[in-house]
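>>> sequence unknown, structure follows:
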């Protein structure tokens, strides 16, 4: 099927990758309500209302499942495709996650099984995208992916700025937009009645809601905007004349929305990844590099001035408020708890998705803070180690290491951009946990890792390199 169907010079499976990337930001769960009662009654004997909190079947899950097995059926060496290169390290993580549930004292089989299926689909997504990208020259597909990220970033920026400035939703609930109900604890910051330096769009509330877009949390929107903005910079580099100016305007609006997410990890992640990108892109860009630096500087300086009072209320870039200090202290406490969990359960951890149920047992090992309740350690590495053990964590780190090691052996502008995406994500992973918890976070993380790994496999097949010295050797014919 993927060999015969061609649209815009793309195969069926390549179009499926574009669909997953284009749709995941607006993810809705249309299938689960019809399955709750039947599955709970037949398989788990659990109350339907309890199962509804655990069973999250997304449309992207179904697309990933169909595309993976469609690809696997036509593949010649099925076993080698599943376990080749970095894949084996992901399967080790999955196996230890399964055993961690089996030997966990707090895990409910039905709940944990339904959570592990999400990890399973993340692995399928990685393997599927890596193999599709590696099969043929991905340049055409990658440019479409970058443009799609820019387009979705603009849509999310408009929705996010609308949320923030007017403090109520657009009504796009079927596309994942929060309803902002008064009885739900949303991510908010204190305010003096203003949402920016101007008198327009005042509010009588003592706290204002941060920009959400169609994501479940502002931090996830911030992470997505960090890669969307890098893609916009790529478009500025590639385009000419009036189109270049149009993408510059898009970047300015995206940077405004990134600021009003008030996600410090995403803002720092963007600057880290953009510094990495521009540092090595200067080998090819030369004159354009100054334009990009000025664009980034002007956008953040102007938007930082417009939203300065609110950014300052949040705690600024460096923590200087009670709100931000409380957030930092909580993260430190959660990290200490995670480390103590790893010490007491070094092989299998406390159980996949079992950090919160086990947290109370470790409160006496730290200087207890009464605000610690119902949250997970904000660090994907510590979270994985605490829940699934040290071997699983080491396998995950080896998985990342070999992908990045290969990505630095040969580089094109597109590959450098993908590597920069993941550099930012690795930093954000030190400060938050949504890459292993939320569906949107998993698709961003494992999907883009799969694309990068696939590009690594494709470029490793090419033998002709330029005369550049060091690890960054640009492939001559990668742009063909």
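Received the coordinates, thanks. Model, not experiment: these values are computed from the prediction.
>>> all helices of the stretch 101-250 of the chain, in order?
Here the stretch 101-250 of the chain has its helices, by DSSP state H, counting those that start in this stretch, at 109-135, 139-166, 218-238, 241-261.
>>> Figure out how far the longest one is from the centre of its chain.
Shown here is helix 139-166, whose average C-alpha point lies 14 Å from the average C-alpha point of the whole chain (C-alpha atoms, centre = their mean, to the nearest Å).
>>> for that helix, which positions count as buried?
141-142, 144-150, 152-154, 156-157, 159-165 (16 or more other C-beta atoms under 10 Å). Where you see a C-beta, it was placed from the backbone N, CA and C, and this is true even at glycine.
>>> quick one on the thing from earlier: which of the helices of the stretch 101-250 of the chain sits closest to residue 442?
helix 109-135 (4.6 Å; C-beta to C-beta).
>>> now the closest one against helix 139-166, angle please.
In terms of direction (axes from the mean of the first three to the mean of the last three C-alpha atoms, to 10 degrees), helix 109-135 departs from helix 139-166 by 130 degrees.
>>> buried set for helix 109-135?
Quick answer for helix 109-135 (16+ other C-beta under 10 Å): 110-116, 118-119, 121-135.
>>> Repeat that for stretch 96-103.
96-101.
>>> try stretch 167-184
167, 169, 175-178.
>>> Contacts for that stretch, please.
25-28, 159, 162-163, 186, 195, 201, 203, 205, 208-209, 212-216 (C-beta atoms under 8 Å, 6 or more residues apart in numbering).
>>> What is the distance between that stretch and the centre of its chain?
21 Å.
>>> same question, stretch 276-295
The chain centre lies 25 Å from the centre of stretch 276-295; the measure is C-alpha atoms, centre = their mean.
>>> With stretch 343-360 instead?
For stretch 343-360 - counting by C-alpha atoms, centre = their mean - the centre lies 24 Å from the chain centre.
>>> Please apply the same query to stretch 186-206.
The answer for stretch 186-206 is 28 Å, by C-alpha atoms, centre = their mean.
>>> any idea how far residue 103 lies from residue 385?
16 Å (C-beta to C-beta, to the nearest Å).
>>> Same question for residue 21.
On the measure of C-beta to C-beta, residue 21 and residue 385 end up 30 Å apart.
>>> the more surrounded of those two?
residue 385 (25 against 21; other C-beta atoms under 10 Å).
>>> pLDDT value on residue 2, please?
pLDDT for residue 2: 42.
>>> Repeat that for residue 198.
76.
>>> how deep is it tucked in, by neighbour count?
10.
>>> Phi and psi next, for residue 180.
Per-residue torsions, residue 180: phi 60, psi 50 (degrees, to the nearest 10).
>>> so residue 436 touches residue 383, yeah?
Yes: under the criterion of C-beta atoms under 8 Å, residue 436 makes contact with residue 383 at 6.0 Å.
>>> Common neighbours of the two, please.
By C-beta under 8 Å, 6+ apart, no residue touches both residue 436 and residue 383.
>>> Stretch 276-291 - what's its average pLDDT?
On average, stretch 276-291 scores 81.
>>> now do stretch 126-146
89.
>>> and if you look at stretch 227-242?
Mean predicted lDDT for stretch 227-242 stands at 91.
>>> do the same with stretch 342-354
Rounded mean pLDDT across stretch 342-354 is 92.
>>> What is the end-to-end distance of it?
13 Å (C-alpha to C-alpha, to the nearest Å).
>>> May I see the buried residues of that stretch?
342, 345, 348-354.
>>> what's in contact with that stretch?
Contacts of stretch 342-354 (C-beta under 8 Å, 6+ apart): 96-101, 103-107, 111-112, 115-116, 119, 341, 357-358, 382, 385-393.
>>> chain center to that stretch: distance?
24 Å.
>>> The stretch 351-480 of the chain: strands as residue ranges?
410-411, 473-474 (DSSP state E, counting those that start in this stretch).
>>> I should have written the stretch 201-350 of the chain there, sorry.
Along the stretch 201-350 of the chain, counting by DSSP E, counting those that start in this stretch, strands occupy 207-209.
>>> quick one: contacts for residue 25?
Contacts of residue 25 (C-beta under 8 Å, 6+ apart): 152, 156, 176, 213-215, 224, 440.
>>> Let's see that with 7 Å instead.
152, 156, 214-215, 224, 440 (C-beta atoms under 7 Å, 6 or more residues apart in numbering).
>>> do residue 358 as well
106, 341, 350.
>>> Take those residues and write them to TSV, including distance to residue 71.
Listed next are the contacts of residue 358 as TSV, based on distance: C-beta to C-beta, whole Å:
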residue	distance to residue 71
106	37
341	37
350	35
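>>> which one of those is nearest residue 429?
residue 341 (18.0 Å).
>>> where's the closest one relative to residue 361, distance?
9 Å.
>>> And residue 193, by the same measure?
Taking C-beta to C-beta, one finds residue 193 at 44 Å from residue 361.
>>> ok, those two, which is more surrounded?
Neighbours were counted for residue 193 and for residue 361 using other C-beta under 10 Å; residue 361 has more, 15 against 11.
>>> ok, that one - contacts?
No contacts exist for residue 361 under C-beta under 7 Å, 6+ apart.
>>> One more pass at 10 Å, please.
105-106, 337, 340-341, 344, 350 (C-beta atoms under 10 Å, 6 or more residues apart in numbering).
>>> same thing with residue 102?
Counted by C-beta under 10 Å, 6+ apart, residue 102 has contacts 109, 112, 348, 351-352.
>>> now, which of these sits nearest residue 72?
residue 352 (24.9 Å).
>>> in this structure, which helix or strand is least confident?
Within the chain, no helix or strand scores below strand 473-474, which has a mean of 40 by mean pLDDT, DSSP states H and E.
>>> Please point out which parts of stretch 237-251 sit buried.
Taking 16+ other C-beta under 10 Å as the criterion, stretch 237-251 shows 237, 244, 247-248, 250-251 as buried.
>>> For it, which outside residues touch it?
Contacts of stretch 237-251 (C-beta under 10 Å, 6+ apart): 143, 146-147, 150-151, 153-154, 157, 228-236, 281, 284-285, 288-289, 291-292, 294-296, 298-299, 413, 417.
>>> What does residue 286 show for phi and psi?
Phi and psi for residue 286, reported as degrees, to the nearest 10, are phi 60, psi -100.
>>> can you count the residues close to it?
That count, for residue 286 with other C-beta under 10 Å as the rule, works out to 9.
>>> cool, the one 4 residues further on as well?
Other residues within reach of residue 290, judged by other C-beta under 10 Å, total 11.
>>> What residues does it make contact with?
residue 282.
>>> Distance check, it against residue 274.
From residue 290 to residue 274 the distance is 14 Å (C-beta to C-beta).
>>> re the thing from before, which one of the buried residues of stretch 237-251 sits closest to residue 59?
Scanning those for proximity to residue 59, where the rule is C-beta to C-beta, the winner is residue 250, at 27.4 Å.
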